[in-house]
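1. Dropping a prediction and its sequence here:
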Amino acid sequence: MINAMRYTRDLEESGFTKEQANTALNVVLEIMNDNFATSKDIQLSELALRSDMERMETSILSDMKEMGAAIRSEMKEMETSIRSEMKEMETSLRGDIKNIQSDLESLPDKLTIRLTRNVVVIVGVIVAAQTVILRL
């Protein structure tokens, strides 16, 4: 801090009266008291800051827990929704596969009918061609 005795002595040696030196000292001390922080002021500020930081940390941790719970809940809902959609798709695909199997099972019959029809047509053409040739 300031050495008041030395400060007033220095002022008096430089031409100040004792009253002027005391007044100057009082002004400097008042300015210092109003504007300078003491170690006690700093300790109190530090304690207040620590307390504020602890409250903020507690609040942030609480918010993080709430957010974590909300995220887990949303993920569960999404999982349920995705599983439901997958089940619907599976059911739809199974139906499509059964339809394709049914179509494939009836394909030989359809091919036989077409082949038979084509053979009949070809035989008819051959017979007609023979008839034409025989008439000639």
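-> Arrived safely, thanks for sending.
2. For Ala24, list the residues it contacts.
-> Applying C-beta atoms under 8 Å, 6 or more residues apart in numbering, we find Ala24 in contact with 7-8, 11, 16. For the C-beta atoms, the positions are set from N, CA and C on the backbone; glycine is no exception.
3. nearest to Leu115, of those residues?
-> Using C-beta to C-beta, Tyr7 comes nearest to Leu115 of these, at 125.2 Å.
4. I'd assumed Asn22 was in contact with that closest one.
-> No. Contact between Tyr7 and Asn22 fails when scored by C-beta atoms under 8 Å: they sit 10.0 Å apart.
5. what comes up buried for the helix or strand containing Gln20?
-> Assigned by DSSP states H and E, Gln20 belongs to helix 18-35. The neighbour-count check on helix 18-35 (16 or more other C-beta atoms under 10 Å) flags 21, 25 as buried.
6. Start the count at 416 instead of 1 going forward.
-> Done: numbering now begins at 416, and the last item shifts to helix 433-450.
7. from the middle of its chain, how far away would that helix be?
-> Relative to the mean C-alpha coordinate of its chain, helix 433-450 is positioned 61 Å out (C-alpha atoms, centre = their mean, to the nearest Å).
8. Great, nothing more from me.
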